[in-house]
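Trainee: Have a look at this prediction, sequence included:
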Amino acid sequence: MVNFEYFEATSLEGLPQLLGNNRNENVVMAGGTDLLDLLKERILQPKRVINIKKIQELHGIQNGRGLDIGALTILSDIAKHPAIRKSYTVLAQAAGSIANAQLRNMGTIGGNLCQRPRCWYFRGREYVCLKKDGSKCYAAEGINKYHAIFGGSPCFIVHPSDSAPALMALGATLEIYGPNGRRAMPLKDFFQLPEDNLMFENRLAANEIITRIRIPEPEPGTRSLYIKFKEKDSMDFAISSVAAVLQIQGNRVRKADIVLGGVAPIPWRAKAAEAELQGKELSDAVIEKAAAAAVSDAEPLDHNAYKVMLTRNLVKDALLRLRSA
């Protein structure tokens, strides 16, 4: 890595000024599990690294009428929290699926949302791809086994976060702090496709950070779960994943939220599958139709067509499990 200035912030006051207006020159360090890789690989070469771990108000979980999670809360605390495991099961399962126990004890929920893509062309020094101000996406015609089947053009990264699909399915809102104070942003509006911004995966300004994540209290009859397929049993990213949250009233689905991970540059809402479930009983036929609808608009590349059937089967599996929950 290249030399940089190192700061430790102890409060939010003055942080926007420290961060400035260039996202590449000044970077925030939370758990550091992704940032240190980016620094070592020289994908990032900042002038200043600002450690925010000592800002106490960014830590902790508050459970009342809904859930309030500080952005610096570590993933293992979320995965083990009794109230989250009971009422926000999809989030506990997603957090518990991330990496390994050591990394979950370091990584933060805010950092997990903001981590950079794992695309080997982006991470490889020898490739000057679109995301590094180059002229082409090497994945489009190269080895693209792990790349996007939805929303990819002109860049075919996939978003690596496990917590993001779960939080989006739960209807989470972010509290963001910047030079003008605090503002709220629905998580569904936080991420952006490559066609909207090639260089950055989210809409944080250079001088802003996530401070808290708020999740509304689940409605009665809510069931949820997170399913993730990965190649290795330990410490691996999702090849495809499903975060499913259903509100069941009587025998029918009152509301369905299904968000896919590992298959698009952003957590990908399966709107067609949600529509197939709305107001219906979870019969085998309905589940089959919803699973097929979830991948109806997939556009696989040369080497990742297997993700279409894989994702379809994961959606089917998730709905079958929720039916019997």
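Mentor: Arrived safely.
Trainee: quick one: what helix or strand has the residue nearest to the spatial centre of the chain in it?
Mentor: Nearest to the mean C-alpha position of the chain, counting by Cα atoms, centre = their mean, stands residue 164 at 2.7 Å. Using DSSP states H and E, residue 164 sits in helix 163-169.
Trainee: Tell me who's in contact with residue 189.
Mentor: Residue 189 is in contact with residue 203, counting by Cβ atoms under 8 Å, 6 or more residues apart in numbering. Where you see a C-beta, it was placed from the backbone N, CA and C, and this is true even at glycine.
Trainee: got a list of what residue 228 touches?
Mentor: Residue 228 touches 94, 97, 162, 238, 240-242, 261-262, counting by Cβ under 8 Å, 6+ apart.
Trainee: Next: residue 25.
Mentor: If a contact means Cβ under 8 Å, 6+ apart, then residue 25 has 46-48 as its contacts.
Trainee: circling back to that earlier point, isn't the residue nearest to the centre of the chain right next to residue 188, touching?
Mentor: No: with contact defined as Cβ atoms under 8 Å, residue 164 does not reach residue 188; the gap is 10.2 Å.
Trainee: returning to what we had before: packing partners of the helix holding residue 164?
Mentor: Contact here means 3 or more Cβ pairs under 8 Å, 6 or more residues apart in numbering; DSSP states H and E; on that basis helix 163-169 packs against helix 89-96, helix 109-114, strand 222-229, strand 240-249, strand 252-261.
Trainee: Pull up the gap between the nearest residue to residue 280 once chain neighbours are set aside and residue 66, please.
Mentor: In this structure, residue 280 finds its nearest non-sequential neighbour in residue 286, 4.9 Å apart by Cβ to Cβ, 6 or more residues apart in numbering. Using Cβ to Cβ, to the nearest Å, we find residue 286 at a distance of 30 Å from residue 66.
Trainee: Ok, residue 212 next?
Mentor: The value you get for residue 212 to residue 66, if Cβ to Cβ is used, is 11 Å.
Trainee: who's more crowded, these two?
Mentor: For residue 212 versus residue 66, the count of surrounding residues by other Cβ atoms under 10 Å is larger for residue 212: 23 against 17.
Trainee: before we move on, back to that, which residues does the residue nearest to the centre of the chain contact?
Mentor: Taking Cβ under 8 Å, 6+ apart, we find residue 164 in contact with 112-113, 187, 191, 261, 267.
Trainee: how does it look with 7 Å?
Mentor: 113, 261, 267 (Cβ atoms under 7 Å, 6 or more residues apart in numbering).
Trainee: The stretch 151-300 of the chain: strands as residue ranges?
Mentor: In the stretch 151-300 of the chain, the segments counted as strands under DSSP state E, counting those that start in this stretch are 173-178, 181-186, 209-215, 222-229, 240-249, 252-261, 268-269.
Trainee: export these to TSV and tack on distance to residue 319 and mean pLDDT?
Mentor: As requested, the strands of the stretch 151-300 of the chain are exported to TSV (distance: least, Cβ to Cβ, whole Å; pLDDT from 0 to 100):
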stretch	distance to residue 319	mean pLDDT
strand 173-178	26	98
strand 181-186	25	98
strand 209-215	22	98
strand 222-229	10	98
strand 240-249	7	98
strand 252-261	9	98
strand 268-269	16	98
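Trainee: Which one of these lies nearest to residue 53?
Mentor: strand 209-215 (12.1 Å; Cβ to Cβ).
Trainee: got the angle for that closest one vs helix 89-96?
Mentor: Strand 209-215 and helix 89-96 are oriented at 140 degrees to each other (axes from the mean of the first three to the mean of the last three Cα atoms, to 10 degrees).
Trainee: And the protein, what are its domain boundaries?
Mentor: 56-114+158-215, 222-323 (automatic domain parsing).
Trainee: Kindly reformat the ones you listed as a markdown table containing distance to residue 138.
Mentor: As requested, the domains of the chain are arranged in a markdown table below (distance: least, Cβ to Cβ, whole Å):
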| stretch | distance to residue 138 |
| --- | --- |
| domain 56-114+158-215 | 14 |
| domain 222-323 | 12 |
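Trainee: Cheers, nothing more for now.
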